[in-house]
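K.L.:
Fold the following for me, if possible:
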Amino acid sequence: MTTSKPTAALPEKHIAIIGGGAGGFFAAITAAEANPAASVTIYERSQYTLSKVKISGGGRCNVTHSCFDPAKLATHYPRGSRELHGAFHRWQPQDTIHWFAERGVTLKTESDGRMFPDSDDSQTIIDCFHTAADNAGVKLLKGVGLKNLTHHSSHFTLHLSSGAEIQADAVCIATGSLKASPLTRALEGLGHTIEPLAPSLFAFNVADSRTHGLSGLSVQAASVSLVASALANASSRQSKPAPQTGPILITHRGFSGPAILRLSAWEARSLQDLNYHFDIMINWLGDQTENQVREQFAKLRTHKGRTLVRTKAFEAIPRRLWERIVDAAGISEDTPWSQLSKTVETKLIHELIAGRFSVQGKTTNKDEFVTCGGVRLKEIDFKTMQSRKVSGLYFAGECLDIDGITGGFNFQAAWTGGRIAGIAMAADR
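P.N.:
Below you'll find the predicted structure:
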């Protein structure tokens with residue numbers, strides 16, 4: 001009598017997560033916790049996971065933003081605002097805060113709304129994800145990427161960079177940016193459209209005598225806008241560019257800081273069309289108008305007439321920057337407020353609230369920048385993050401045509417998309 005060898009029971013479902021970043025880990029953990037019987041595997045083509053989490057916020061990790069109204073939260077996304085409005089009703093920053101708190105990680109809110117772990121260390125977030133994934137039974141394969149994807153009636157065949165071919169019942173693409181990704185052609189082959197890719201959240205390269213040698217100085221409530229004429233030849237220009245207000249940092253290469261990064265996000269495609277050569281206008285006093293500044297100058301004439309104009313006049317503007325602004329207006333070092341002519345005053349006001357600078361290129365901060373463009377949003381059901389083209393195919397994170405301004409918004413979109421996709425994949429039969 002012969003007996004057959006016992007065969008191992010196949011897992012109820014194999015869920016493949018492509019990409020070991022923010023969206024991928026959140027989707028994997030969610031799916032594994034929601035369906036413990038499923039086999040959930042993360043495939044990461046590099047040897048490192050959560051690399052953007054590691055460097056975000058200068059190594060502190062800007063986890064999310066303290067904005068708890070889905071409608072208001074959605075306005076912080078140059079692309080994806082309408083779709084995320086509904087998605088944020090399913091998972092928003094308050095849910096993210098609670099999720100981390102349940103796993104022993106508390107977040108703190110800074111004055112500008114950005115939220116960081118109390119430890120001020122991104123490794124806290126990374127460790128939390130790895131522990132949660134291990135506890136949920138998620139498998140992690142590093143150094144194994146996806147080269148191609150074939151869809152069958154009830155499953156997928158994944159063609160891996162290792163040469164192996166495996167089958168999966170559900171697949172979540174969470175690779176981050178599709179720039180130079182081998183999956184672009186595969187996704188197009190499955191019927192998806194890839195919107196044009198362009199860098200977002202980058203600094204401006206400016207070589208100008210007014211800021212030379214002032215690296216490290218910042219103005220906390222300045223305003224920056226694109227000079228409208230510079231956008232005349234931008235094919236993607238659809239509306240008048242809006243000014244962005246917030247901190248502006250002078251760097252050794254030009255300008256950075258939240259206001260600059262936000263402008264780069266909202267105008268990402270237009271600036272790419274211009275090959276990153278364009279003019280900007282800076283109001284160092286934020287939203288103050290010409291009339292308001294003239295009134296302040298009149299008071300200085302009356303009450304501090306003998307004081308030199310070169311002496312710092314605005315608390316918000318660093319002294320050395322103010323001196324450069326005064327020099328740019330052609331005011332001599334020994335000119336007191338009482339002798340400032342109306343003509344020269346007008347030049348000073350122009351330099352102060354409408355200073356024009358020529359941008360000649362961009363600078364991205366290592367891998368921290370974001371890419372706009374990706375899978376067309378109309379092709380995704382945001383109630384489940386499932387493809388409208390291919391059943392069982394899901395998406396999360398930057399591979400979609402979604403990007404937010406600086407401040408924790410891009411991570412929140414990844415957490416939201418990953419959560420919704422994970423729940424749907426766990427339940428999908």
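
K.L.:
quick one: buried residues of stretch 21-40?
P.N.:
By 16 or more other Cβ atoms under 10 Å, the buried positions in stretch 21-40 come out as 21-35, 38-40. To be clear about C-beta, it is placed using only N, CA and C from the backbone, and glycine gets the same treatment.

K.L.:
Test my guess that residue 183 contacts residue 173.
P.N.:
Yes - contact criterion Cβ atoms under 8 Å: residue 183 and residue 173 qualify, at 6.8 Å.

K.L.:
Identify the contacts common to those two.
P.N.:
Residues touching both residue 183 and residue 173 (Cβ atoms under 8 Å, 6 or more residues apart in numbering) are 18, 399.

K.L.:
More neighbours: those two, which one.
P.N.:
residue 173 (32 against 23; other Cβ atoms under 10 Å).

K.L.:
So for that one, what's the pLDDT?
P.N.:
Confidence at residue 173, expressed as pLDDT, is 98.

K.L.:
Report the contact partners of it.
P.N.:
18-19, 183, 187, 375, 393-396, 399.

K.L.:
Turn those residues into a markdown table, including distance to residue 155 and pLDDT.
P.N.:
Converted to a markdown table, those look like this (distance: Cβ to Cβ, whole Å; pLDDT from 0 to 100):
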| residue | distance to residue 155 | pLDDT |
| --- | --- | --- |
| 18 | 15 | 98 |
| 19 | 20 | 98 |
| 183 | 18 | 95 |
| 187 | 18 | 97 |
| 375 | 21 | 98 |
| 393 | 11 | 98 |
| 394 | 14 | 98 |
| 395 | 18 | 98 |
| 396 | 20 | 98 |
| 399 | 21 | 97 |
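
K.L.:
how about the residues you listed in TSV, adding secondary structure?
P.N.:
Formatted as TSV, these follow (DSSP: H, G, I helix; E, B strand; the rest coil):
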residue	secondary structure
18	strand
19	coil
183	helix
187	helix
375	strand
393	strand
394	strand
395	strand
396	coil
399	coil
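
K.L.:
ok, back up a step: can you flag which of the buried residues of stretch 21-40 belong to strands?
P.N.:
In strands, defined here by DSSP state E, the members of the buried residues of stretch 21-40 are 39-40.

K.L.:
Residue 112 is in contact with residue 407, isn't it?
P.N.:
Yes - judged on Cβ under 8 Å, residue 112 makes contact with residue 407 at a distance of 7.0 Å.

K.L.:
Give the residues shared as contacts by these two.
P.N.:
Residues touching both residue 112 and residue 407 (Cβ under 8 Å, 6+ apart): residue 258.

K.L.:
how close does the nearest residue to residue 68 once chain neighbours are set aside get to residue 117?
P.N.:
Excluding its sequence neighbours, the residue lying closest to residue 68 (Cβ to Cβ, 6 or more residues apart in numbering) is residue 94, at 5.0 Å. Going from residue 94 to residue 117 by Cβ to Cβ, to the nearest Å gives 16 Å.

K.L.:
cool, and residue 88?
P.N.:
As judged by Cβ to Cβ, residue 88 and residue 117 stand 22 Å apart.

K.L.:
Same question for residue 282.
P.N.:
Distance from residue 282 to residue 117, counting by Cβ to Cβ: 34 Å.

K.L.:
go on, residue 425?
P.N.:
Here the criterion is Cβ to Cβ. By it, residue 425 lies 27 Å from residue 117.

K.L.:
Looking at those two, which is more packed in?
P.N.:
residue 425 (30 against 21).

K.L.:
For the more buried one, which residues are in contact?
P.N.:
Contacts were defined as Cβ under 8 Å, 6+ apart; by that measure residue 425 touches 15, 27, 31, 170, 172, 394.

K.L.:
list the helices and strands the strand or helix carrying the first one packs on?
P.N.:
To tie it back to what came earlier, the one meant is residue 15. Using DSSP states H and E, residue 15 falls within strand 14-18. Applying 3 or more Cβ pairs under 8 Å, 6 or more residues apart in numbering; DSSP states H and E, we find strand 14-18 packed against helix 22-34, strand 39-44, strand 165-168, strand 170-173.

K.L.:
can you do 6 Å?
P.N.:
Packing partners of strand 14-18 (3 or more Cβ pairs under 6 Å, 6 or more residues apart in numbering; DSSP states H and E): helix 22-34, strand 39-44, strand 170-173.
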